[in-house]
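Trainee: Okay, sequence plus prediction incoming.
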Amino acid sequence: MVIKEYLMANWAFTDYVIEGPEETLNRLKETISHPSVIQEGSDERWEGNVLLSLGLSWNQITPDNRGDYIRGFIEDGEYIDEKGNLRFCAQEAWGLTDFYNVLERNIPDIKVYWYVEEENMAIYGTNDKEGKYFPARFYVDTCINGNYQSEFFNTEESAFQWLSNLTQGRIKSVAGIEAFNEQAEDSDDFIAFHTIKVLD
């Protein structure tokens with residue numbers, strides 16, 4: 001349920017966690033940090049440059065005109081975490097790109113987990129069914145009495161408990177959110193309650 005529209009560019013932010021052998025992940029991290037192939041006219045951090053630098057051809061990236069769409073840019077911050085997983089963030093146009101599909105299809109010894117959010121289109125999703133890295137299933141964004149606050153929650157119950165505490169017990173249900181937004185229609189106040197979809 002989204003009760004407030006936002007005017008902004010349609011860029012999604014995707015967090016990635018990749019499991020795999022140490023050697024494979026170190027190679028991938030180095031390639032993301034310093035791609036050896038830069039397509040003319042492209043940004044160095046474009047996802048396509050990463051894939052080409054891994055030695056993939058365009059046919060491997062988009063075989064049989066599958067429609068794979070590489071339209072994102074890796075943000076700074078890729079690192080190997082304490083469990084040996086590779087983590088990084090990407091800015092991707094119009095939601096999740098096919099970058100993770102191409103990686104998994106061509107590097108069979110890795111598993112890519114992701115969480116994507118695109119606020120303007122109310123896209124919130126993850127493929128982390130077990131919640132290993134992205135356990136949140138709800139995101140609540142609020143402006144109450146001019147104060148902005150937002151939070152992620154693993155359960156709907158905990159999300160409504162937070163809203164109840166935030167509003168001195170006034171908001172305990174979807175109906176309460178709808179009533180609040182109707183009353184706040186002529187102000188900047190709002191409550192947006194988002195379900196994070198678990199996708200394949």
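Mentor: Everything's here; your move. For clarity, every value in this text was computed on a predicted model and none was experimentally measured. Numbering: from 1, shown residues only.
Trainee: sec struct for the most centrally placed residue in the chain, please.
Mentor: In the chain, the centroid-proximal residue (CA atoms, centre = their mean) is residue 116; its distance is 1.8 Å. Secondary structure, DSSP: H, G, I helix; E, B strand; the rest coil: residue 116 is strand.
Trainee: Tell me which helix or strand in the chain has the weakest average pLDDT.
Mentor: Ranked by mean pLDDT, DSSP states H and E, the weakest helix or strand in the chain is helix 58-61, scoring a mean of 82.
Trainee: And that one, what's buried?
Mentor: Under the neighbour-count criterion of 16 or more other CB atoms under 10 Å, helix 58-61 has residue 61 buried. Yep, even glycine has a C-beta here, placed from its N, CA and C like the rest.
Trainee: if we can go back for a sec, which residues does the residue nearest to the centre of the chain contact?
Mentor: Contacts of residue 116 were listed using CB atoms under 8 Å, 6 or more residues apart in numbering, and they are 12-15, 92, 95-96, 123-126.
Trainee: quick check, nearest of those to residue 105?
Mentor: residue 96 (15.2 Å; CB to CB).
Trainee: got the contact list for the closest one?
Mentor: With CB under 8 Å, 6+ apart, residue 96 has these contacts: 12, 14, 114, 116, 125.
Trainee: Now do the least confident helix or strand of the chain: distance to the chain's middle.
Mentor: 24 Å (CA atoms, centre = their mean, to the nearest Å).
Trainee: What lies in contact with it?
Mentor: Residues lying outside helix 58-61 but in contact with it, judged by CB under 8 Å, 6+ apart, are 48, 51-52, 68, 70, 102, 105-106.
Trainee: In PDB, could you pull the C-alpha coordinates for it?
Mentor: What follows is helix 58-61, C-alpha atoms only, in PDB (Å, rounded to 0.1, in the frame of the first residue of the first chain):
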ATOM      1  CA  TRP A  58      27.700  -9.900 -25.900                       C
ATOM      2  CA  ASN A  59      26.300 -13.200 -27.100                       C
ATOM      3  CA  GLN A  60      26.800 -14.600 -23.600                       C
ATOM      4  CA  ILE A  61      25.300 -11.500 -22.000                       C
END
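Trainee: Need phi/psi at residue 90.
Mentor: With angles defined as degrees, to the nearest 10, residue 90 sits at phi -130, psi 150.
Trainee: neighbours of it, just the number please.
Mentor: 24 (other CB atoms under 10 Å).
Trainee: How many neighbouring residues does residue 84 have?
Mentor: 12.
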